[in-house]
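**Student:** Fold the following, please.
(one chain, ligands or ions: 1)
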Amino acid sequence: MSLIQPNQIPFDDPQLTAIRADLVTALRGFLPEDAVLERTEEVQPYECDGLSAYRRLPLLVVLPRTVNEVQRILRLCHERRVPVVARGAGTGLSGGALPLNEGILLSLARFNRILELDPLARIARVQPGVRNLAITEAALPHGLYYAPDPSSQIACTIGGNVAENSGGVHCLKYGLTVHNVLALTFVSPEGELIELGSAALDSAGYDLLALFIGSEGMLGVVVEVTVKLLPIPERAQALLAAYADVEQAGRAVGAIIAAGIIPAGLEMMDGPAIQAAEDFVHAGYPTDAAALLICELDGTNQEVSEQVMQVRNLLLASGATEVRTSQNDAERLRFWQGRKSAFPAVGRISPDYYCMDGTIPRRALPEVLRRTAELSEEYGLRVANVFHAGDGNLHPLILFDSNQPDELERTEELGGRILELCVAVGGTITGEHGVGIEKINQMCVQFTPDELRQFHAVKAAFDPLGLLNPGKGIPTPRRCSEYRQLPTAGSKS
Ligand SMILES: Cc1cc2nc3c(=O)[nH]c(=O)nc-3n(C[C@H](O)[C@H](O)[C@H](O)COP(=O)(O)OP(=O)(O)OC[C@H]3O[C@@H](n4cnc5c(N)ncnc54)[C@H](O)[C@@H]3O)c2cc1C
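**Tutor:** Numbering: from 1, shown residues only. Below is the predicted model:
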């Protein structure tokens, strides 16, 4: 059951062409010439996000500069019943920003200003198109930083981070986006401006802020975000441990947490990922290892000194064949360089790769890794594993070649089985990349029909006409009943 049909309606379909022409005239009534893109070659760069196996041309692309313009665009689309897909930097890995042939692609790229940075209150108020790393760059002179650090942080936007509830290496200790955003302003599908949260620790009413974060562009378009900034720790030091056996490395992760240590990052890579990263960035990784753990500790000088010794002993006791401790910041960053470049590194050794994202209880790590290796064998597709081991968030990267007949379909099926394995061991089908279109079938496995009905009700409360990012995130009951008939599908009735 393939996830999407590419270009269901041709770009030059006469009916679509007429709708496009009418909309362009109306949009040009209040948007500057360069804010509306309508020709094939102009809209083509927006045909996919980071999940590039799926592509669709949008009806047209709009690039507003002001909140008022966003409100007017949404009002117009509401009047004419035109669907809208918001887009940040397009680095999403679950197809969340995949456009619709009959819908507008609304890019927030021009909302790239930091509106306020208050070092005393330790907050920054930013526009949604500001890049994640740009917030930390602006805060560094004040001794502050923004903690959630997706590996894509050089490119991805805070609006996209809010929509996906993004995570990163630091999230084990400092929380996901939802734990680091204090307030936001969004535009509703009817064009209203709505504020959620506050700069204080709590705010009145239902916690709609938490509901909104991770809602994948389906409830409103974010136009401003207030984030928390944290003081840069006095010291950070990393350890790198090599293992001859993946399961041993998995057990070491549990041992560190069980000892009461919460590292600033605790990441793992398996053999294929180590080799690919080393060939790409030459970080000095031991390429004969079956698994590599990178553990970062931060805090005061004394805390870090004590914990480094403790973790070193735990790593050796759990069977590490080699343990290195970074001697300075340059070496610490070199340890991380391979891990942070792992996705593009894997992209170099295969024509295509599909990045999965599931979360499991830490104790199930060895079992899930073993089953993933068996599934990889069964499907005849290589899998490289890179993951945020500390929080049990797996990123199996399935290597495939979309030019080979059926290979994408087999990849989808293998990916689906890995996610359903996560559910079977008590985990979830998402960790930080969202559902989008990629995991829409597995939503039918994770949730019961009653639970899914509640999700649809929440969506309808914000967006009764279903105009914002339709077809993503929540499967229809019909899709689920068809999916559950498949022999390979897991089940939850
Ligand atoms: C190499 C690589 C590494 C990555 N590493 C990580 C990682 O470590 N952790 C992690 O969590 N993710 C990671 N990602 C995934 C991705 O970068 C994140 O999901 C990121 O938050 C997407 O941001 P974006 O600006 O690119 O959003 P887009 O891809 O443009 O959009 C993502 C979703 O957000 C919605 N959206 C965007 N802007 C708005 C807005 N203003 N209002 C409402 N909805 C909006 C879109 O409709 C879409 O549903 C990685 C991706 C790549 C390519």
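**Student:** Tell me how many other residues crowd residue 285.
**Tutor:** By other Cβ atoms under 10 Å, the residues close to residue 285 number 24. (C-beta placed from N, C-alpha, C; glycine too.)
**Student:** residues in contact with it?
**Tutor:** 240, 274, 277, 278, 292, 338 (Cβ atoms under 8 Å, 6 or more residues apart in numbering).
**Student:** One more pass at 6 Å, please.
**Tutor:** Under the criterion of Cβ atoms under 6 Å, 6 or more residues apart in numbering, the neighbours of residue 285 are 274, 278, 338.
**Student:** How about residue 248?
**Tutor:** Going by Cβ under 6 Å, 6+ apart, residue 248 touches residue 319.
**Student:** List the neighbours of stretch 311-330 that are in contact with it.
**Tutor:** Under the contact criterion Cβ under 6 Å, 6+ apart, stretch 311-330 has outside partners 237-244, 248, 251-252, 255-256, 295, 332, 335.
**Student:** mind listing what's buried in that stretch?
**Tutor:** Across stretch 311-330, burial judged by 16 or more other Cβ atoms under 10 Å covers 311, 312, 314, 315, 318, 320, 323, 324, 325, 326.
**Student:** just curious, which of those residues is nearest to the ligand?
**Tutor:** residue 326 (20.7 Å; Cβ to the nearest ligand atom).
**Student:** Quick check: which ranges of the stretch 101-250 of the chain have low pLDDT?
**Tutor:** By pLDDT under 70, the stretch 101-250 of the chain has no low-scoring segment.
**Student:** Residues of it that sit close to the ligand?
**Tutor:** Residues of the stretch 101-250 of the chain lying close to the ligand by Cβ under 6 Å from any ligand atom are 108, 128, 150-152, 156-157, 159-161, 163-164, 166-168, 216-217, 221-222.
**Student:** Now restrict those to buried residues only.
**Tutor:** Buried members of those, scored by 16+ other Cβ under 10 Å, are 108, 128, 150-152, 156-157, 159-161, 163-164, 166-168, 216-217, 221-222.
**Student:** Okay, and which of the contacts of residue 285 map to helices?
**Tutor:** Counted as lying in helices by DSSP state H, out of these, are 274, 278, 338.
**Student:** residue in the stretch 151-300 of the chain nearest to the ligand?
**Tutor:** At 2.2 Å from the ligand, residue 160 is the closest residue in the stretch 151-300 of the chain, using Cβ to the nearest ligand atom.
**Student:** can you confirm that residue is in a strand?
**Tutor:** No. If the criterion is DSSP: H, G, I helix; E, B strand; the rest coil, then residue 160 is helix and not within a strand.
**Student:** From residue 107, how far off is the closest residue to it other than its chain neighbours?
**Tutor:** Nearest residue to residue 160 in three dimensions, chain neighbours excluded: residue 88, at 3.3 Å (Cβ to Cβ, 6 or more residues apart in numbering). From residue 88 across to residue 107, the span is 8 Å (Cβ to Cβ, to the nearest Å).
**Student:** of the two, who's got more company?
**Tutor:** Using other Cβ under 10 Å, the more surrounded residue of residue 88 and residue 107 is residue 88, with 30 against 23.
**Student:** quick one: the strands in the stretch 51-200 of the chain?
**Tutor:** Assigned by DSSP state E, counting those that start in this stretch, the stretch 51-200 of the chain shows strands spanning 60-62, 84-87, 104-107, 114-118, 123-126, 144-145, 181-187, 193-197.
**Student:** How about the residue nearest the centre of the chain, nearest residue that isn't a chain neighbour?
**Tutor:** Nearest to the mean C-alpha position of the chain, counting by Cα atoms, centre = their mean, stands residue 433 at 2.8 Å. Once flanking residues are discounted, residue 433 sits nearest to residue 357: 4.0 Å by Cβ to Cβ, 6+ apart.
**Student:** Likewise for residue 266?
**Tutor:** Spatial nearest neighbour of residue 266, excluding adjacent residues (Cβ to Cβ, 6+ apart): residue 390 at 3.2 Å.
**Student:** So that neighbour sits against residue 264, correct?
**Tutor:** No. When contacts are counted by Cβ atoms under 6 Å, residue 390 is not listed as touching residue 264 (9.4 Å).
**Student:** For residue 27, give me its contacts.
**Tutor:** Taking Cβ under 6 Å, 6+ apart as the test, what residue 27 contacts is residue 36.
**Student:** run the last query once more with 8 Å
**Tutor:** With contact taken as Cβ under 8 Å, 6+ apart, residue 27 is in contact with 35, 36, 60, 62, 73, 76.
**Student:** Might you name the residue of the stretch 251-400 of the chain sitting closest to the ligand?
**Tutor:** Closest point on the stretch 251-400 of the chain to the ligand, by Cβ to the nearest ligand atom, is residue 343, at 3.8 Å.
**Student:** Can you classify that residue by secondary structure?
**Tutor:** Put simply, residue 343 is helix when judged by three-state DSSP.
**Student:** Just the ones of the buried residues of stretch 311-330 in helices?
**Tutor:** Under the assignment DSSP H, those contribute 311, 312, 314, 315 to helices.
**Student:** average model confidence for stretch 473-489?
**Tutor:** Stretch 473-489 shows a mean pLDDT of 87.
**Student:** Could you confirm whether it reaches the ligand?
**Tutor:** No. Counting by Cβ under 6 Å from any ligand atom, the ligand is not contacted by stretch 473-489; separation bottoms out at 8.1 Å.
**Student:** If you count neighbours, what's buried in that stretch?
**Tutor:** 473, 474, 475, 479, 480, 483, 484, 489.
**Student:** Show me the contact partners of it.
**Tutor:** The contact list for stretch 473-489, computed with Cβ under 8 Å, 6+ apart, reads 1, 96, 215-216, 218, 413, 416-417, 420, 434-436, 440-441, 443-445, 449, 452-453, 455-456, 459, 491, 493.
**Student:** Domain map for this structure?
**Tutor:** Domains of the chain are assigned by automatic domain parsing as 14-107, 114-231, 235-344, 350-485.
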